[in-house]
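**Student:** Only the shape, not the letters, is given here:
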């Protein structure tokens, strides 16, 4: 399963700062509890992702099917490879993972259930 990046920016209301919207971790920040929910390899992927995205990790507190988890990490691996190659080399905005039913916790970035695309939004 490939993961493509959609370069069309979604225009919505401006995102709030981390102080106003603490569900998104600041750059290079991973909440302590995440290490208890992921494997060491997955944690390293999140470390790489956090260098470019402010991430909402709350989806990790939910039950995720193995199929959905594979979809998410296939996309995350693809993005991390692009970060490591320098193809993504600056701040990319907010990242939110869609629930299994395709809904998101907010209207910023998400991985859609029936899509392999990432929709990004900058603050």
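**Tutor:** Happy to help now that I have it. These numbers come from a predicted model, not from an experiment. Numbering: from 1, shown residues only.

**Student:** Where do the helices of the chain begin and end?
**Tutor:** Secondary structure of the chain by DSSP state H: the helices cover 40-49, 66-84.

**Student:** angle of the last one against helix 40-49?
**Tutor:** Counting by axes from the mean of the first three to the mean of the last three CA atoms, to 10 degrees, helix 66-84 points 50 degrees away from the direction of helix 40-49.

**Student:** What residue, apart from its backbone neighbours, is nearest residue 60 spatially?
**Tutor:** residue 37 (4.4 Å; CB to CB, 6 or more residues apart in numbering). Yep, even glycine has a C-beta here, placed from its N, CA and C like the rest.

**Student:** Apologies, that question was intended for residue 88.
**Tutor:** Distances taken as CB to CB, 6+ apart place residue 82 nearest to residue 88, at 4.7 Å, with adjacent residues excluded.

**Student:** and what of residue 55?
**Tutor:** Residue 55 sits nearest to residue 95 (CB to CB, 6+ apart), 4.7 Å away.

**Student:** Next: residue 46.
**Tutor:** residue 30 (5.5 Å).

**Student:** correct me, but that neighbour touches residue 45?
**Tutor:** No. With contact defined as CB atoms under 8 Å, residue 30 does not count as touching residue 45 (10.6 Å).

**Student:** any idea where the strands of the chain begin and end?
**Tutor:** Secondary structure of the chain, counting by DSSP state E: strands at 4-5, 24-25, 53-56, 93-96, 110-111, 117-119.

**Student:** Tell me the bridge partners for the nearest residue to residue 24 once chain neighbours are set aside.
**Tutor:** Distances taken as CB to CB, 6+ apart put residue 54 closest to residue 24, at 4.3 Å, once the chain neighbours are dropped. Assessed by DSSP bridges, residue 54 has beta-bridge partners residue 94.
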